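1. next comes the sequence, and after it the predicted model I'd like to discuss.
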Amino acid sequence: MLDSDSHAGRVALVTGAGRGIGRAIADAHAAAGASVIYLDHDAALVEEAAAAATARGWRAVAVTADVADEASVAEAVRRGTEALGPVTLLVNNAGISPKTGSAGGKAFVWDMQADEWRRVLDVNLTGAFLVTRAVVPQMREARYGRIVSISSVAGRTYCDIVGVHYAATKAALIGFTKHLAGELGPAGITVNAVAPGRIDTPLMRGTSAETNEAVRQATPLQRLGTPEEVAAVCLFLTSDKAGFVTGQVCDVAGGWLMT
Ligand code: NAP
């Protein structure tokens, strides 16, 4: 069990924090006493999220950046750090799952455009790399760090809801996690991944009601997850109490995938 001020004195950066799972993760960290940099590419959304956090008495600042853009990430980290201090907790959450297939659902490989493939890799994978690279020097300096990346059940097994670009990036984030756990462990930095199943967010609502109902039925717990349930697992992984957990993938999927 975490104390109510388990993250006091820490500075957390959460990407894609304007809404959905990212906002829940950022809010959970702020509620646990961390100072939180809310990062999203949607300025209005992220400013509203950080303002709502501040109104609750939490320490929060909004920064706008496209995680796929190197200069934009560097500037956002600079501004966030200037406002709240060096980052020692990072959650790579920003991700996209385009639904551009001819029938309005996922794109199959035979009609997927190369530009779309590249954009999904840029945001979901290169974005995690760019933000991680920008904050790791601060963690190494502190000789303490926690990095969590949001993968997906779709990166662990076949999932017919998403496209191959999305699945490939989510699987790659697991390799990213394990490699960095080895590389950064000696500096006191843990690196883990969380793999959600079907979580009720705006991203998921791009999928048909029938598909979401089929997933619900295939999930032993017989429901979709909530952003707060994903946030709770991230909060544990970024806490001091998870100090001996690294290189792991934790499913938050209601038993949809059991390995
Ligand atoms: P969401 O509701 O779409 O929220 C994602 C947030 O990230 C949005 O505010 C989005 O802005 C922002 N974002 C997108 N591209 C960005 C970029 N290039 N730079 C900065 N911010 C960007 O998604 P979610 O459902 O909360 O998903 C969060 C993470 O969980 C994603 O990595 C997703 O793959 C993963 N996940 C979700 C589910 C699920 O069922 N929901 C399951 C497994 C894994 P825009 O809306 O403007 O794009």
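-> Perfect, thanks for sending it.

2. all contacts plus neighbour counts: C-alpha atoms, from now on.
-> OK.

3. what sits against residue 97?
-> 120, 162-163, 166, 203 (Cα atoms under 8 Å, 6 or more residues apart in numbering).

4. actually residue 49, not the one I typed
-> Residue 49 neighbours (Cα under 8 Å, 6+ apart): 17-19, 23, 38, 62.

5. again, only this time at 10 Å
-> Residue 49 sits next to 17-19, 23-24, 26-27, 38-39, 43, 55, 60-62 when contact means Cα atoms under 10 Å, 6 or more residues apart in numbering.

6. re the thing from before, which ones, among the contacts of residue 97, also lie beside the ligand?
-> Filtering the contacts of residue 97 for neighbours of the ligand using Cα under 6 Å from any ligand atom leaves residue 203.

7. any idea which of the contacts of residue 97 is closest to residue 2?
-> Nearest to residue 2, judged by Cα to Cα, of the contacts of residue 97 is residue 203 at 29.4 Å.

8. just to revisit the earlier point, export the contacts of residue 97 to JSON lines and append columns for neighbour count and distance to residue 100.
-> Shown next, in JSON lines, are the contacts of residue 97 (neighbours: other Cα atoms under 10 Å; distance: Cα to Cα, whole Å):
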{"residue": "120", "neighbour count": "24", "distance to residue 100": "12"}
{"residue": "162", "neighbour count": "18", "distance to residue 100": "11"}
{"residue": "163", "neighbour count": "23", "distance to residue 100": "9"}
{"residue": "166", "neighbour count": "23", "distance to residue 100": "12"}
{"residue": "203", "neighbour count": "16", "distance to residue 100": "13"}
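
9. minimum pLDDT in the contacts of residue 97, which residue is that?
-> Least confident by pLDDT among those: that is residue 203, with 74.

10. quick check: the gap between it and residue 46.
-> Residue 203 is 16 Å from residue 46, where distance means Cα to Cα, to the nearest Å.

11. which element is residue 174 on?
-> helix 164-184 (DSSP states H and E).

12. again, but for residue 36
-> Assigned by DSSP H and E, residue 36 belongs to strand 35-40.

13. what packs against that strand?
-> Counting contacts by 3 or more Cα pairs under 10 Å, 6 or more residues apart in numbering; DSSP states H and E, strand 35-40 packs against strand 11-15, helix 20-31, helix 43-55, strand 60-64, helix 70-84, strand 89-92.

14. that strand close to the ligand?
-> Yes: using Cα under 6 Å from any ligand atom, strand 35-40 reaches the ligand at residue 40.

15. strand partners (parallel or antiparallel) of that strand?
-> Using DSSP bridges, the strands paired with strand 35-40 are strand 11-15 (parallel), strand 60-64 (parallel).

16. okay, those in CSV with distance to residue 186 and mean neighbour count next?
-> Output for those, formatted as CSV (distance: least, Cα to Cα, whole Å; neighbours: other Cα atoms under 10 Å):
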stretch, distance to residue 186, mean neighbour count
strand 11-15, 21, 28
strand 60-64, 30, 25
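
17. out of those, nearest to the ligand?
-> Smallest distance to the ligand across these (Cα to the nearest ligand atom): 6.1 Å, for strand 11-15.

18. and the closest one, how far out from the chain's middle?
-> For strand 11-15, the distance from its own C-alpha centre to the chain's C-alpha centre is 10 Å (Cα atoms, centre = their mean, to the nearest Å).

19. again with stretch 78-98
-> Counting by Cα atoms, centre = their mean, stretch 78-98 comes out at 10 Å from the chain centroid.

20. would you mind listing the buried residues in that stretch?
-> For stretch 78-98, burial by neighbour count (16 or more other Cα atoms under 10 Å) applies to 78-81, 84-95, 97-98.

21. so which of those are also by the ligand?
-> Within the buried residues of stretch 78-98, those near the ligand by Cα under 6 Å from any ligand atom are 93-95.

22. quick check: residue 43 touching residue 65?
-> Yes: using Cα atoms under 10 Å, residue 43 makes contact with residue 65 at a distance of 8.3 Å.

23. tell me which of those two has more neighbours.
-> residue 65 (22 against 15; other Cα atoms under 10 Å).

24. what does the pLDDT read for that one?
-> For residue 65, the predicted pLDDT is 98.

25. fine, thanks again, bye for now.
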